[in-house]
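In: Following is a predicted model, sequence given first.
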Amino acid sequence: MIEQRKPIAVAEAVQRVMHYAYQEKIEIVPLHQAYGRFLAEDIAADQDVPAFNRSPYDGYAIRSIDSEGANAEQSVVFQVVGEIGAGYVYDGIVDERQAVRIMTGAMIPQGCDAVVMLEITQSFEQDGQSYMSLKRQVQAGTNISYKGEDIQKGAILITKGQYINPGVVALLATFGYPQVTVFKKPIIGVIATGSELLEPDEALQVGKIRNSNAYMVMAQIERAGAAAKYFGQLSDNLELCIEAVKDALQEVDILITTGGVSVGDYDYLPAIYKAIGAEVLFNKVAMRPGSVTTVAARNGQLLYGLSGNPSACYVGFELFTRPIIRTAFQNPQPHLRREQARLGADFPKPNPFTRFVRATVSFDNGQLTAVPCGFDKSSAVSSLEGANAFIVLPGGSRGYEKGMQVVVLLLEDMQGSEWPWDKIEKSYKS
Ligand SMILES: Nc1nc2c(c(=O)[nH]1)N[C@H]1C(S)=C(S)[C@@H](COP(=O)(O)OP(=O)(O)OC[C@H]3O[C@@H](n4cnc5c(N)ncnc54)[C@H](O)[C@@H]3O)O[C@H]1N2
Ligand code: MOO
Ligand SMILES: [Mg+2]
């Protein structure tokens, strides 16, 4: 008898998967390898930045009081008693009508409370002594970068679970972290199934196709921040597949297979799950593409049975695997970022299931516009290259028209969202 599968709502399916959140682990990496990872500790400022009052300009450090009375007609002359570049400290005391030639970044000498820019001064030599004259009165505090003006000691700067972007790297360097504690990348195994599959280096044969899913999914795994481990492609042979899946599970945190999850004679994933004692969390989701997406669990380990159809496989990964990866980094916003956009083209095909249309979003006069990027079948491979978002079209009996407001989920974004699945309602109005 043909198995009848009961589709569940996308949000329900995501929830079921999220109960199996992968147990995070940490590791220490050198700072120059920290970019793109997720921080595993809070970082607090153990010092002020800057740590001392410093000059923001090249010029002269003076006591502002000595500039009193200086104006266009009358200049005040200072004796230049020293010179300091960034990294050096003037260790004398600056006295009345004395100035120290100072460079950007150098510490303000004791006694000085202002810096005058080189451009508003005139320098001259007399009797072997350097002088500077000034035709402007300056206030105390002029051109001083104060200790702690950027960051104050004790401030929590970056928190556990935060994505390490170049700015975070700068902070880590500033506060002396040559090694950074980050969350370990979960290892995600990938197996492609199907007797029709050829590897990319093989010549096409009649009736066969090249395996694009495995490589696409490995790239998606890396984009999500995890590490991919490829176990190759398997022909549709049940015994062989059972052994391969069992073996792979020993070496990975999570296992993804592509293909073989529907009801075809050679769709062996349901039988494989049964044979290895994995509990199926769901095997039909009310979505297109990717309705056959199946997720199973065995001893706390998740097995993703993604569809063989490339677009369905891609969508299944982004909705159900990506958030688990981000949870392994204790990232508080593990799901795809949700935004509102204007539909940039008609989408006339109705469907009872929620659609995830591969789309290009761009800014159009300050407003996000989402345009479907091509051939929309689940089997499509061409509509993935231009996709930086999914347009989420709730199921219904009518299509959608250009100009309507739609929900989009962003694929290339690092911010993510906490839970994008609430209130995605049917709306035929713009
Ligand atoms: N009678 C039914 N037939 C199908 C149903 C259904 O409900 N009843 N569902 C359809 C839907 S929806 C999808 S999606 C596919 C899912 O198929 P499977 O996940 O079982 O995948 P396969 O049968 O192995 O392959 C489907 C398709 O994808 C190609 N493929 C497979 N692996 C790769 C790969 N690594 N790289 C590129 N392309 C791949 C494969 O050649 C097939 O063309 O089932 C529908 N059928
Ligand atoms: O699982 Mo299918 O993608 O709905 O065409
Ligand atoms: Mg099939």
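Out: That came through, no problem. Ligands and ions are numbered 1, 2, ... in the order given.

In: And the residue of the stretch 101-250 of the chain closest to ligand 3?
Out: Nearest to ligand 3, among the residues of the stretch 101-250 of the chain, is G194, at 8.2 Å (C-beta to the ion). Quick note: C-beta positions are derived from backbone N, CA and C, even for glycine.

In: Could you measure from the residue lying closest to that residue once chain neighbours are set aside over to G300?
Out: Using C-beta to C-beta, 6 or more residues apart in numbering and skipping residues adjacent in sequence, the residue nearest G194 is G259, 4.5 Å away. With distances taken as C-beta to C-beta, to the nearest Å, G259 is found 25 Å from G300.

In: Look at these two and report which has more neighbours.
Out: More crowded of G259 and G300, by other C-beta atoms under 10 Å: G259, with 30 against 10.

In: doesn't G308 make contact with that one?
Out: Yes: using C-beta atoms under 8 Å, G259 is in contact with G308, at 3.2 Å.

In: longest strand anywhere in the chain?
Out: Longest strand of the chain, by residue count under DSSP state E: strand 354-364.

In: which ones are touching the closest residue to ligand 1 within the stretch 201-350 of the chain?
Out: Nearest residue of the stretch 201-350 of the chain to ligand 1, counting by C-beta to the nearest ligand atom: G308, 2.5 Å away. Residues near G308 by C-beta atoms under 8 Å, 6 or more residues apart in numbering: T193, G194, N213, T258, G259, G260, V261, S262.

In: Which element, helix or strand, includes it?
Out: For G308, there is no host helix or strand (DSSP states H and E).

In: Please apply the same query to A192.
Out: strand 187-193.

In: quick check, that strand touching ligand 1?
Out: Yes: using C-beta under 6 Å from any ligand atom, strand 187-193 reaches ligand 1 at A192.

In: for ligand 2, what are the nearby residues on the stretch 151-300 of the chain?
Out: With C-beta under 6 Å from any ligand atom as the criterion, the stretch 151-300 of the chain comes near ligand 2 at residues R288, P289, G290, S291, V292.

In: Check the secondary structure at the last one for me.
Out: Under DSSP: H, G, I helix; E, B strand; the rest coil, V292 falls in the coil class.

In: Which single residue in the stretch 51-200 of the chain comes nearest to ligand 1?
Out: Closest point on the stretch 51-200 of the chain to ligand 1, by C-beta to the nearest ligand atom, is A192, at 3.9 Å.

In: Can you report how many residues lie near that residue?
Out: A192: 25 neighbours (other C-beta under 10 Å).

In: pretty sure it contacts L234?
Out: Yes: shown here, A192 and L234 form a contact pair, counting by C-beta under 8 Å, at 7.3 Å.

In: Could you look up the SS state of C112?
Out: Going by three-state DSSP: C112 is coil.

In: contacting residues around the closest residue in space to Q333 that isn't next to it in sequence?
Out: Once flanking residues are discounted, Q333 sits nearest to G416: 3.6 Å by C-beta to C-beta, 6+ apart. Neighbouring residues of G416 by C-beta under 8 Å, 6+ apart: R326, N331, Q333, P334, H335, L336, R337.
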